[in-house]
Structures are given as structure tokens and as C-alpha cells.
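1. Just to be clear, the model below is a prediction. Sequence and coordinates:
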Amino acid sequence: MRDIFRYYRKRVREGGKLYKRTVYGVAVCLGTIAGAVLAHSSGFGGQIQATPGEQAYILPTPISSTGKTSPINEAIGPVASDSLRPLPAMRDFGGRPKIVIIFDDIGLDASAYTQLSMLPGPLTFSILPYAQDAEALAGDAKRKGHDVFLHLPMQPASNVTNAGPGALLVEDSPRVIRQKIARNLDSFSGYAGVNNHMGSLFTQDRQKMRIVLSEIDLRGYYFVDSVTSGRTVAATVAAELGLTILSRDVFLDSDYTNLSARIVRERLGELEAIAQNRGYAIAIAHPYDTTIETIRPWLVSLEMRGFELVTVADLLEDKMPPETLSATALR
């Protein structure tokens, strides 16, 4: 029965791919002439070298142009730089290296979303289930050719941070976790997959992650591990369950305190290097002004530099072999 459901889910989604690619094609055509100039002036004319070493990642929440911050902020701790991960041999994905860009924390800043939605896509917008206008945002994003995820709140390791209402907690019983998952997943419609909001503590719990991944799979959604902890067990549990998931490779703007255009460009360079070596790469970003302004010329010139911007569905249903694909397993 589950295989039949997945078959029809794929058929339905295929109907929307032509629209997404048409919108994307128009955006690329409009930006082709300006792309070369923007790429040159913004530092994307050649490959950017990844910075080795370790970095203390901070997973922030949107900060609006007014400077107001959200109290939801998670310290992740030392995580090996993505550039240090051993990369597997290049797979044949039938063409150019594929890149997925997921923007997290959508729904807390309307003006930031407006800027994001005007970027060339397809991008993936991960909307918080407690966002006031979640349903409307999801519909608008899809009409503009973007993909939509649900940003499922999970317990962080820090005791002074809060993932928000309805967050999954390690002390929750299996029954409570299933109830919370159901309420979160029913909060709005139109999304293709789920990734975790925070969760540096929760994603370390093998038993609880088995429940989460099983429930998400039962509903027919994709799962992408945001990798907010180097100790996440999502990929391991998925393999035990025979499920296919993906994991984040690069955070483009994880440390807002020290964020700059140069740092975002360096992370984009790391992302390109991973995609070139492995055939695909996944980045997570946040709706910050610096990130949006830096990524705009990069997106415009991406196709001319030999890459293809895709969705998670493009990777999992059309391009990828039937196995668990995880950046965390490559560390």
C-alpha cells in the first residue's frame, strides 16, 4: 500500500515540475546578460577555496531589517568544517552537479520572505508550523516556482533556548511525540518534506528519531536532517528502517554574529566543491539581509557556471539510487 501511495505522490508532483522549471527558466533568461557582470563583481568568477578547520556553529533565527531578534537561538557546538569531510566518488546524475538550497525559519519575518520569494529558483522554503501565515506562504512559494518544506521544531541541547510551541522533547512519551508530530504536520498543507528546526539534543535520541522518521515516511514526506549536532543519529536510524533521507552539507550563515558577504561566498564555494565531487550538495540558509543579497548574483550565474538548482524531490525521485544519502555519514 505504501508503494502505491508513493507512486501516485510522484505522479502528482511531476505535474508541478514543468511549472517550476518554466519559472526558473524565465528567471535565468532574464538574468543571463547581467549574470556575468554580477558574478565577476561579486567574486563568483572562479572556484572559491573552502576554509579548513573547525568552527563553532550557531543556528540563528531570522533578524529583520529593524534589528529585532527572536529569542529562539541554538548553540550547536564544535562541528567539523564541511570542507574536511571525505567525499565519495562522483556519481553519474545525468548532467550537471545538482544543488539544493533550503531557507529555514520561514514565517517569522514577512519582509524577508518577500525578498526571498523573488529570487530565482527553485529554492526550498522551510516554514515553521507555528507561523501565523504558514498556509498562505506555502501557496505563494509554490505559485512562484519554489518548493516548500515544514520546519519541525525539536529540542535543542541548550537549556536557555526554545524551539517554539509544539517542539518534540526527549522526555516526551512515544504517544505524545506522535501527537505532536500529527499536530505539526497538520498545521498547513502543500509541503513536500520536513527538516528539523534546532534539535541538537533530540536528534541524538535513537528511539525518538525512529518514531519521527517512521511517522514522516508513513505520510509520504521526505526528510532532510539539518545536522544541528555532529552526534545526530538520523542517517543511522534511517538506514536501519530502510528509508532514504538526505542531510545538510553546508550552513551558509550559521553564525549571525560574525556574518559577512565574504563568509557566505566562502560557504557557497564549499557547496560547489562538494557538488562537483559528489554530484549533488545541500545547503541550509536563513532569511538574513546579508545572505539574500550575497546569494542573489550567485543564483543568477549558477547555471552558466555548470550547476543545476534542484529540489529534494528531483534528487530523491529522479536522480538518486535507493539508499540513504547523508553528509553526516561522510565525516
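-> Received it, and whenever you're ready, just let me know what you need. Numbering: from 1, shown residues only.

2. Name the residues linked to residue 124 by a beta bridge.
-> Judged by DSSP bridges, the bridge partners of residue 124 are residue 102, residue 147.

3. measure it to residue 312 for me?
-> 7 Å (Cβ to Cβ, to the nearest Å). Bear in mind the C-beta positions are built from the backbone N, C-alpha and C, glycine included.

4. overlap in contacts of these two?
-> 100, 147, 149 (Cβ atoms under 8 Å, 6 or more residues apart in numbering).

5. Throw the residues you listed into a markdown table and include distance to residue 304, neighbour count and pLDDT, thanks.
-> Below are those laid out as a markdown table (distance: Cβ to Cβ, whole Å; neighbours: other Cβ atoms under 10 Å; pLDDT from 0 to 100):
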| residue | distance to residue 304 | neighbour count | pLDDT |
| --- | --- | --- | --- |
| 100 | 19 | 26 | 98 |
| 147 | 22 | 27 | 98 |
| 149 | 27 | 26 | 98 |
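
6. As a markdown table, those with distance to residue 206 would be great.
-> Below are the shared contacts of residue 124 and residue 312 laid out as a markdown table (distance: Cβ to Cβ, whole Å):
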| residue | distance to residue 206 |
| --- | --- |
| 100 | 26 |
| 147 | 29 |
| 149 | 23 |
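
7. Is residue 284 located within a strand, as I assumed?
-> Yes: under DSSP: H, G, I helix; E, B strand; the rest coil, residue 284 falls within a strand.

8. What is the neighbour count of it?
-> Residue 284 has 25 neighbouring residues, counting by other Cβ atoms under 10 Å.

9. Report the contact partners of it.
-> 102, 103, 104, 195, 226, 248, 250, 251, 252.

10. and with 10 Å instead?
-> Going by Cβ atoms under 10 Å, 6 or more residues apart in numbering, residue 284 touches 59, 100-105, 124, 126, 195, 224, 226-228, 248-254.

11. all helices of the chain, in order?
-> Using DSSP state H, the helices assigned to the chain run over residues 2-42, 110-117, 134-143, 174-185, 206-218, 234-241, 261-278, 289-302, 312-313.

12. so what does the shortest one touch, helix or strand wise?
-> In this structure, helix 312-313 makes packing contacts with helix 2-42, strand 98-106, strand 147-154, strand 193-198, strand 222-225, judged by 3 or more Cβ pairs under 10 Å, 6 or more residues apart in numbering; DSSP states H and E.

13. change it to 6 Å
-> Helix 312-313 sits against no helix or strand, with contacts defined as 3 or more Cβ pairs under 6 Å, 6 or more residues apart in numbering; DSSP states H and E.

14. swap in the fourth one?
-> Secondary structure elements in contact with helix 174-185, counted by 3+ Cβ pairs under 6 Å, 6+ apart, are helix 206-218.

15. quick revisit: the more surrounded of residue 124 and residue 312?
-> residue 124 (29 against 22).

16. isn't that one right up against residue 102?
-> Yes: using Cβ atoms under 6 Å, residue 124 is in contact with residue 102, at 4.4 Å.

17. tell me, what's touching the two both at once?
-> Common neighbours of residue 124 and residue 102, using Cβ atoms under 6 Å, 6 or more residues apart in numbering, do not exist here.

18. Point out where the stretch 1-150 of the chain drops to low pLDDT.
-> 1-94 (pLDDT under 70).

19. Now do the residue nearest to residue 167 when sequence neighbours are not counted against residue 195, distance only.
-> Leaving aside its chain neighbours, residue 167 sits nearest to residue 153 (3.9 Å; criterion: Cβ to Cβ, 6 or more residues apart in numbering). In this view, residue 153 and residue 195 are 11 Å apart by Cβ to Cβ.

20. now do residue 162
-> 18 Å.

21. who has more neighbours, those two?
-> Per other Cβ under 10 Å, whichever of residue 162 and residue 195 has more neighbours is residue 195, with 26 against 17.

22. Just give me the neighbour total for the spatially closest residue to that one that is not a sequence neighbour.
-> Distances taken as Cβ to Cβ, 6+ apart place residue 224 nearest to residue 195, at 4.2 Å, with adjacent residues excluded. Residues near residue 224, counting by other Cβ under 10 Å, number 25.

23. All set now, cheers.
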